[in-house]
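1. Sequence first, predicted model second:
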2 protein chains.
Amino acid sequence: MKKTSDLRPFFEPTGVALVGVSRSPGFGYGIPLTLQRQGWQGAIHLVNLAGGTLHGMPVYERVADVPDPVDLAIVLVPARFVSSVLPEIAARGIRHVIIETAGFAEIGEAGRAMQAEAAEVAAGLGLRIIGPNCVGVVNTANHFTSVEIMDEALTPGPVSIIAQSGVFGNILLDGLWEKEVFIAKAVTLGNRLDVNECEILDYLHRDEDTRVIMMYLEGAADGRLLLETLARVTRDKPVIILKGGRTPAGRAATASHTASLSGEDQLYEAVFRQTGAIRAPSLDQLVRLARIFTTQPLPGGNRLGIITGSGSLGVLATDSATAGGLTLPALSSSTESAVREAAPDWMNVRNPLDTGPSGQFPAALSAVASDEGIDMVLGITVLPYAVFSSFEPLGLTAPMWFGDIRAIHAASPSKPMAICAIGNERFIGLIQETAGSEVPVFDSPEGVAAALASLAGYAAWKRSLD
Amino acid sequence: MKKTSDLRPFFEPTGVALVGVSRSPGFGYGIPLTLQRQGWQGAIHLVNLAGGTLHGMPVYERVADVPDPVDLAIVLVPARFVSSVLPEIAARGIRHVIIETAGFAEIGEAGRAMQAEAAEVAAGLGLRIIGPNCVGVVNTANHFTSVEIMDEALTPGPVSIIAQSGVFGNILLDGLWEKEVFIAKAVTLGNRLDVNECEILDYLHRDEDTRVIMMYLEGAADGRLLLETLARVTRDKPVIILKGGRTPAGRAATASHTASLSGEDQLYEAVFRQTGAIRAPSLDQLVRLARIFTTQPLPGGNRLGIITGSGSLGVLATDSATAGGLTLPALSSSTESAVREAAPDWMNVRNPLDTGPSGQFPAALSAVASDEGIDMVLGITVLPYAVFSSFEPLGLTAPMWFGDIRAIHAASPSKPMAICAIGNERFIGLIQETAGSEVPVFDSPEGVAAALASLAGYAAWKRSLD
């Protein structure tokens, strides 16, 4: 039977069979509860040889017993039973299967043999498979998820995630919503017996809910295909990639993890450069990039203006920005005179513009944001907390110190703006309130500057295609 | 008059004169309140030409009017008055002066002239000067501070800070205590008219409360002297340095900030390598290094064991660790068999050791920590939060999933241990509770691995001196 190229039932099944569902707390046990609580509208069918009931629902002894509608199976049985359950699934008319079970190619020779057998069986039956050794998919639009997940992680947003490892995808989802990164779809691919990252990239390319794609990659299933696919997708949507296995020891570790051949790092670097994919150097930076790419427009050029309350942080951000390819041009004479008007003698009107404790941060941020020689703006907000708290009883608020950041951004909407806030958590919280969800706030001067550099790099790559 | 080399009155004055104290909320206004609230035992004298009272204390019109005891002056008057107030301070018998006023060499030609004049006056009078353009010193042992600061930042600890910029030093102090980095002394040097980082390094070298020194440096006052001083100090205490001005644009920014000539980055890199100083590549990493150097012993070698609940995070940490010079050797056969005993088939007993959802994390952490072929241990704790919260009602706690981390560390006290926790804030909080203050918890796999590599690098440098 020929395989279908339609991946939609993985994300929008009408009914799902949980094959080998756990009857006591453990892996997979909570999936039906999550789907019910989330109000997913499809049918949930539980299958386990032991029969009986679970969570008040009947447990069918065999897949053949599952009633309509059903067009997706989630396989949770032990690895040695997987190959024998696939024919039952196909016989029931199901063409899409997520195999969550671990213990295949990632554990060595015996597992590789089982995986090869399962792959052969699946191909013969024309099944499409995600996994094994994964937790499948999440779709926040219809609240379908093949994994137990926090309700907050199902808040719909513009970012879609491709991860190889199930646990990794899962914990990313646990934490991203706290960092204001919200998800459209997430897919964990595991050992990629069938569906690989390129097919998913193409699917997300067409997916209307997805604006930005985040990917954790250990090794490409097919390097040439990855290059071609990325080149196609990044024309329309940024693809941000965190690559594991940069070093020989890291590469050795990927083999025992998702059975990946992660290859020489320079090759990947070349692929990313050629295709306009955005490389994240760390997990932290992956998250910052997702946040900045989803909230900010692409800049018209690489000229950065920095307004800072701390000279040192301005220096650190300048180092990181220029290392990433940005320039910090002189401010225009009209900007300079606008800022100098109310500035004290000791204030240098330069770029980076260190306002110190002058009270001129709002005016400076506004003037630099509207400077025609500046393409993107970084505001570094700091204030010794003791000073802040002594002024608070007098009615001085964060927007008075730092300006109505949201409104200043809105006045120059085509220019990306980001804020770096350093201090204690309460201070950072006040700045986040002032910036709103429109202007991202980060707590690393180097990280925010590098993220703006990545945004400008992607914009330049897009322009180079015209 | 000859200058004294004794810097003690900067940190342990018996009485302090605030010269030019602000009579309305603003810079310097809150210093007397902070000193009083903190219970500093010395005498506080306020000086301002306008006289009267402030915070219920008399304000003397001239420095000459200040009664005993007084051995330190904090100068807050505008820049143009600084040179004329220094002779009054010297005439009152004070030899140590912190000039907090900005508007000197950092603003250009006019400021440079004023600074040169002040330097000449100070030298002629034999005064020791910290500043100008700084906020002076903090000493948590006696609760003396020349800057308004949060009470929490005055919790005594083993780290001392040298910063050039006042604001930077201040906001570091605002945030460090939340990251469990506690301070012995902090000094901001500003434009270094007199006292420079080398003298302070020597002072902190001798200071019994200081175990680790953190430094933010834009440019050395004297490169040769810095090299000699660092080589001396790092034999006994680690010196962690964040260097601003790596790039030409960053260097240009330092000139208008603390009037530093920050010099070529390769020169600093060479100095740091030759002297065993530890370079922090970012502000985040500076803080992680401070935390790991203050809580962990120096390892006997560079062999790292990683135990992880997520293969991907294990790969990212492995990349970072080996890039930093660590190795991940095979586990000993006794460790391997101890772990394999209770491990499921699908679990790979390797290094990094991915326990997945096996429940074997505690046993693995304990076995690897006691492996004689392993010098330092990194535990990467993850658990999908939905799984964790479904087990919580059954009485399963974080220590059951991840072991009594503190006790496992205590059983191999000579081996550094660190934890990476990824997930939401509540999960990370639970891990922090389990690890206690003895084992540092970080939320960056790359950052924690690099910090362990720095620790091993410093240990190797110390061994090379024997």
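-> That came in fine, so what should we check first? Computed from a predicted structure; not experimentally measured.
2. Only C-alpha atoms from now on, for both contacts and neighbour counts.
-> OK.
3. can you tell me the average pLDDT over stretch A:222-239?
-> For stretch A:222-239, mean pLDDT rounds to 95.
4. so does the helix or strand hosting A:Ile162 get close to chain B?
-> A:Ile162 belongs to strand A:156-163 when assigned by DSSP states H and E. No: residues of strand A:156-163 contacting chain B under CA under 8 Å from any CA of the partner chain: none, with a closest distance of 9.2 Å.
5. distance of A:Ile431 from B:Ala460?
-> 43 Å (CA to CA, to the nearest Å).
6. So those two - more neighbours on which side?
-> A:Ile431 (22 against 17; other CA atoms under 10 Å in any protein chain shown).
7. host element of the more buried one?
-> helix A:425-435.
8. Report the buried residues of that helix.
-> By 16 or more other CA atoms under 10 Å in any protein chain shown, the buried positions in helix A:425-435 come out as A:Phe427, A:Ile428, A:Ile431, A:Gln432, A:Thr434, A:Ala435.
9. name the helices or strands packed onto the next helix or strand after that helix?
-> Going down the chain from helix A:425-435, the next helix or strand is strand A:441-442, by DSSP H and E. In this structure, strand A:441-442 packs against strand A:417-421, helix A:425-435, with contacts taken as 3 or more CA pairs under 8 Å, 6 or more residues apart in numbering or on different chains; DSSP states H and E.
10. gap between A:Arg273 and A:Gln266?
-> 10 Å.
11. Tabulate the buried residues of helix A:425-435 (a markdown table), appending distance to B:Glu372.
-> Shown next, in a markdown table, are the buried residues of helix A:425-435 (distance: CA to CA, whole Å):
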| residue | distance to B:Glu372 |
| --- | --- |
| A:Phe427 | 46 |
| A:Ile428 | 44 |
| A:Ile431 | 49 |
| A:Gln432 | 48 |
| A:Thr434 | 53 |
| A:Ala435 | 52 |
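12. that older thread, and A:Arg273 and A:Gln266? Which one has more around it.
-> Taking neighbours as other CA under 10 Å, A:Arg273 and A:Gln266 compare with A:Arg273 leading, 15 against 10.
13. Give me the mean pLDDT for the strand holding A:Ile162.
-> Mean pLDDT, computed over strand A:156-163, is 97.
14. Mind putting the helices and strands packed on strand A:441-442 into a markdown table with mean pLDDT and distance to B:Pro281?
-> Listed next are the helices and strands packed on strand A:441-442 as a markdown table, based on pLDDT from 0 to 100; distance: least, CA to CA, whole Å:
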| stretch | mean pLDDT | distance to B:Pro281 |
| --- | --- | --- |
| strand A:417-421 | 98 | 17 |
| helix A:425-435 | 92 | 23 |
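15. Using JSON lines, please lay out these together with distance to A:Ser146.
-> Putting those into JSON lines (distance: least, CA to CA, whole Å) gives the following:
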{"stretch": "strand A:417-421", "distance to A:Ser146": "35"}
{"stretch": "helix A:425-435", "distance to A:Ser146": "33"}
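16. Nearest to chain B, out of these?
-> Chain B lies closest, by CA to the nearest CA, to one member of the helices and strands packed on strand A:441-442: helix A:425-435, at 7.5 Å.
17. Strand A:417-421 and that closest one, what's the angle between them?
-> Angle of helix A:425-435 versus strand A:417-421, following axes from the mean of the first three to the mean of the last three CA atoms, to 10 degrees, is 160 degrees.
18. Show residues contacting the strand holding A:Ile162.
-> With CA atoms under 8 Å, 6 or more residues apart in numbering or on different chains as the test, strand A:156-163 has contacts from A:140-141, A:169, A:181-190, A:197, A:200, A:204, A:209-217, A:290, A:294.
19. residues in contact with A:Thr434?
-> Taking CA under 8 Å, 6+ apart, one finds A:Ala398, A:Pro399, A:Asp404, A:Ile405, A:Arg406 in contact with A:Thr434.
20. can you pick the most crowded of the residues you listed?
-> Busiest of the contacts of A:Thr434 [other CA under 10 Å] is A:Ile405, holding 26 neighbours.
21. mind checking how far the nearest residue to A:Ser165 once chain neighbours are set aside is from chain B?
-> Take A:Ser165 and drop its neighbours on the chain: the residue closest to it by CA to CA, 6 or more residues apart in numbering or on different chains is A:Gly190, 5.3 Å away. Note on A:Gly190: its distance to chain B, by CA to the nearest CA, to the nearest Å, is 11 Å.
22. Please work out how many residues are found near A:Gly190.
-> 29.
23. Would you mind listing what in the stretch 51-200 of chain A touches chain B?
-> Going by CA under 8 Å from any CA, the residues of the stretch 51-200 of chain A near chain B are A:102-104, A:106-107, A:148-150, A:165, A:167-168, A:170-172, A:174-176, A:178.
24. Just the buried residues from the residues you listed, in PyMOL please.
-> Command for PyMOL that selects the buried part of these, burial taken from 16+ other CA under 10 Å:
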select buried, chain A and resi 102+103+104+106+107+148+149+150+165+167+168+170+171+172+174+175+176
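25. A:Ala290: which element?
-> helix A:283-295.
26. tilt between that helix and strand A:417-421?
-> Using the same axes, to 10 degrees, helix A:283-295 lies at 140 degrees relative to strand A:417-421.
27. A helix includes A:Ile89, no?
-> Yes: inclusion of A:Ile89 in a helix is indicated when DSSP: H, G, I helix; E, B strand; the rest coil is applied.
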